[in-house]
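K.L.:
need a 3D model of the following:
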Amino acid sequence: MDRRDCLKAGLGLSLLPLSNVMASNALPVRATVRPGDVGWPAQAQWDALSEQVGGQLSTPVSPFLADEATRTEALAQIKNPFYIGDQPALTQTSGYHGAWLSQPSARVVAARNSADVVAAVNFAREHRLRLVVKGGGHSYHGTSCAPDSLLIWTRAMKQVDLHDAFVPAGAPSGATGQPAVSLGAGAMWIHAYDAVTTRAGRYVQGGGCTTVGVTGLVTGGGFGSFSKAHGTAAASLLEAEVVTADGKLRVVNAHQDADLFWALKGGCGGSFGVVTRITLRTHALPDFFGGVGLKVQAADEASWQALVAHSLRFYRDALCNPHWGEQLRFDDERCLQVSMVFQGINEREAKEAWAPFIAWLGEHPAYSIVEPLQVSALPAEHMWDAAFFRKYAPEFIARDTRPGSPPIHMLWKGDQGQVGWYLHGYASAWMPSKLLDDAQRDAAAKAICTAAAHMPVELHCNKGLFGAPKEALEATRNTAMHPAVLDAFALALIGNAGDPAYAGSGGVVNEKKAERGAKRVQASYDALRAVLTTAPTYVSECDFFQRDWQQAFWGPNYPKLLAAKRKYDPDGMFVIHHGVGT
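P.N.:
Numbers count the residues shown, from 1 in each chain. Next up, the predicted model:
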């Protein structure tokens, strides 16, 4: 069998019934106490915890509900993700329609080190408190906030250490080291990229949005712009330091607590403990990174469907390889918008790759080029170099506008729309490689067109690994993520959101608008499902109300994850929405 046949045969395992597992899925419900309940810690007990963590215990208050000066600053910074992330009472997403609203915890430990985390975990266990962990705070499902809880906030734990030859603890004598980077639980991807790429000339597989927390992305599986080249972020994990429910600080890797280590590679770390440090493999840096932009509109429905079908054919033949990543977007105005990136080729080669597509458009008068093809490349070491972009391409980035903010703080301007958003609906599904085949491509194009009439459909080509090299596939296969990712050529994303809805910010949720948005997302997703026999998906970017979520997120890997949960957290102390064992 060739590689595609092997993948399809392996994926057949994911369709086996999991009814026996589902019936015994949940761990015992751990009763927790809330403020005012019998058993809620007395002030003297809180004071003792505060002393133990060096005074880093406080009561978080939303800056939108604080004094006038603080509120004024918060309103001015409401679209600044660096500011939002520095507030223990806030999360980057302000809520999800029908599901949750961002609300502060009752208390927060601003952890500086693993000892502070151990103290907080022990306190929560002894007093039966709901425990929440927040690093980056980007969760669409609100897993980094909960009212009446004790929050472990790892923002200050952002140290970055580079290794020329890292050897995991407990490795056999004589084991060969490899280039790697260790990052604290509060590090964002801009910290990682600045250290690894801008200053050290190497690459670490991470997230596309620079303000996402490193640990949360890795333990959820994790994709970045160049995942088609290197696999998921979890596939690069070499070692992790984690505090488990018993208050024990463990260093886990392939040689020590290997089952827990595997679970952290895509099983969602918040279900198993508090990760305080991770170490990731780094990769050689290509000469160039670059981007491609294009927008095309079709004159009628027939030409629109033909354009989508040709786009899928062109992607299969020219772009489904380690050089390319990011998005093809199809909207309700019959427009294709290309926002892709490339690596390992130069600007000339990228233009040559797109030349046949541009020629095809020129042969068909039914298409109007709304935004002409733009191709640009830059030396790879400047890809996340804030000083470089401020000087040469400031229009591509948004900056941290606070006085005295770190000079490395930058994010892509397109990501700023996510800051504070209130999600009306969100859905996703991995698109299997068979949809690119000649026999099924027209049906796939029709489904995409029907779906896009309700809500734009984005194909994130870097979030499916069909077309990736063997090494990336094998490394990702050895993670907890659903194996459907190996045969997916893209992750289809459909979403709708409104303005920030933090309490006190002046933002008001328009319930009718939110409900309409949610229904449009569902209608779009249902149309796409017409060509999907099953719909496995990515745990970090999906519907809050995902059906059959154990199967959708992890498939045949779920029983092994559940066994690890029962072993390391038998009382169900760590609870997150749709987390293993909950």
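
K.L.:
make it CA atoms for all contacts and neighbour counts henceforth
P.N.:
Fine.

K.L.:
for the stretch 151-300 of the chain, which segments count as strands?
P.N.:
160-166, 178-184, 202-204, 237-243, 249-252, 274-284, 288-298 (DSSP state E, counting those that start in this stretch).

K.L.:
average pLDDT across the second one?
P.N.:
By that I understand strand 178-184. Per-residue pLDDT values across strand 178-184 average out to 98.

K.L.:
tell me what that strand is packed against?
P.N.:
With contacts taken as 3 or more Cα pairs under 8 Å, 6 or more residues apart in numbering; DSSP states H and E, strand 178-184 sits against strand 160-166, strand 274-284.

K.L.:
out of those, deepest packed?
P.N.:
strand 274-284 (a mean of 23; mean count of other Cα atoms under 10 Å).

K.L.:
got the angle for it vs strand 178-184?
P.N.:
Angle between the axes of strand 274-284 and strand 178-184 is 150 degrees (criterion: axes from the mean of the first three to the mean of the last three Cα atoms, to 10 degrees).

K.L.:
give me the pLDDT for Leu532.
P.N.:
Reported pLDDT at Leu532 in the predicted model: 97.

K.L.:
could you measure from it over to Met431?
P.N.:
8 Å (Cα to Cα, to the nearest Å).

K.L.:
which one's more surrounded, those two?
P.N.:
With neighbours defined as other Cα atoms under 10 Å, Leu532 and Met431 compare such that Met431 has more, 31 against 17.

K.L.:
lowest-confidence helix or strand of this structure?
P.N.:
In the chain, no helix or strand scores lower on mean pLDDT, DSSP states H and E than helix 3-11, which sits at a mean of 34.

K.L.:
partner residues bridging Ile494?
P.N.:
For Ile494, the beta-bridge partners are Ala427 (DSSP bridges).

K.L.:
next up, the contacts around it.
P.N.:
Neighbour list for Ile494: 426-428, 455-458, 521, 524-525 [criterion: Cα atoms under 8 Å, 6 or more residues apart in numbering].

K.L.:
buried sites along stretch 70-78?
P.N.:
The neighbour-count check on stretch 70-78 (16 or more other Cα atoms under 10 Å) flags 71, 74, 77-78 as buried.

K.L.:
of those, closest to Val109?
P.N.:
Ala74 (21.9 Å; Cα to Cα).

K.L.:
any idea which element His424 lies in?
P.N.:
Per DSSP states H and E, His424 falls inside strand 422-432.

K.L.:
bridging residues for the residue nearest to Leu162 when sequence neighbours are not counted?
P.N.:
Excluding the flanking residues, the one nearest Leu162 by Cα to Cα, 6 or more residues apart in numbering is Val181, at 4.5 Å. Beta-bridge partners for Val181, by DSSP bridges, are Leu162, Leu280.

K.L.:
Val181: how many residues sit nearby?
P.N.:
When neighbours are counted by other Cα under 10 Å, Val181 registers 24.

K.L.:
quick one: contacts for it?
P.N.:
Counting by Cα under 8 Å, 6+ apart, Val181 touches 160-163, 196, 279-282.

K.L.:
before we move on, what about Leu361?
P.N.:
Leu361 sits next to Tyr367 when contact means Cα under 8 Å, 6+ apart.

K.L.:
now do the SS call for it.
P.N.:
Using DSSP: H, G, I helix; E, B strand; the rest coil, the structure places Leu361 in helix.

K.L.:
and for the one 4 residues further on?
P.N.:
For Pro365, the assignment made with three-state DSSP gives coil.

K.L.:
gap between it and Phe357?
P.N.:
With distances taken as Cα to Cα, Pro365 is found 14 Å from Phe357.

K.L.:
got it, and Ala535?
P.N.:
Ala535 is 30 Å from Phe357, by Cα to Cα.

K.L.:
mean confidence for the helix ranked longest in the chain?
P.N.:
Using DSSP state H to define each element, the chain has its longest helix at helix 511-528. For helix 511-528, the mean pLDDT works out to 98.

K.L.:
list the buried residues of that helix.
P.N.:
Under 16+ other Cα under 10 Å, the buried positions of helix 511-528 are 514, 517-528.

K.L.:
repeat for stretch 108-118
P.N.:
Neighbour-count burial for stretch 108-118 [16+ other Cα under 10 Å]: 108-118.

K.L.:
so what touches it?
P.N.:
The contact list for stretch 108-118 (Cα under 8 Å, 6+ apart) reads 52-53, 56-60, 88, 120, 150-157, 243, 247-249, 274, 276.

K.L.:
do that again at 6 Å, thanks
P.N.:
With Cα atoms under 6 Å, 6 or more residues apart in numbering as the test, stretch 108-118 has contacts from 53, 56-58, 150-154, 156-157, 247.

K.L.:
among these, who's most crowded?
P.N.:
Of the contacts of stretch 108-118, Leu151 is surrounded by the most neighbours, 32 neighbours in total, counting by other Cα under 10 Å.

K.L.:
kindly provide the distance from that one to Thr59.
P.N.:
Going from Leu151 to Thr59 by Cα to Cα gives 10 Å.

K.L.:
same question, Thr276
P.N.:
Taking Cα to Cα as the measure, Thr276 falls 22 Å from Thr59.

K.L.:
could you list the low-pLDDT ranges of the protein?
P.N.:
In the predicted model, the chain carries pLDDT under 70 at residues 1-25.

K.L.:
which stretches in the stretch 401-550 of the chain count as helices?
P.N.:
Here the stretch 401-550 of the chain has its helices, by DSSP state H, counting those that start in this stretch, at 438-452, 470-477, 511-528, 549-554.

K.L.:
so what secondary structure elements neighbour the longest one?
P.N.:
When you say that, I think you mean helix 511-528. If contacts are counted by 3 or more Cα pairs under 6 Å, 6 or more residues apart in numbering; DSSP states H and E, helix 511-528 sits against strand 422-432, helix 438-452.

K.L.:
what about it, distance to the chain center?
P.N.:
22 Å (Cα atoms, centre = their mean, to the nearest Å).

K.L.:
do the same with the second one
P.N.:
In terms of Cα atoms, centre = their mean, the centre of helix 470-477 is set 19 Å apart from its chain centre.

K.L.:
one more: stretch 456-471?
P.N.:
Using Cα atoms, centre = their mean, the offset of stretch 456-471 from its chain centre is 14 Å.

K.L.:
now do the buried residues in that stretch.
P.N.:
The neighbour-count check on stretch 456-471 (16+ other Cα under 10 Å) flags 456-468 as buried.

K.L.:
roughly how far apart are Asp194 and Glu51?
P.N.:
Here the criterion is Cα to Cα. By it, Asp194 lies 35 Å from Glu51.

K.L.:
neighbour-wise, which of these two wins?
P.N.:
Between Asp194 and Glu51, counted using other Cα under 10 Å, Asp194 has the larger neighbour count: 21 against 12.

K.L.:
okay, now Ala42: neighbour count?
P.N.:
9.

K.L.:
same question but for Thr91, I mixed them up
P.N.:
Number of residues near Thr91 (other Cα under 10 Å) recorded here: 30.
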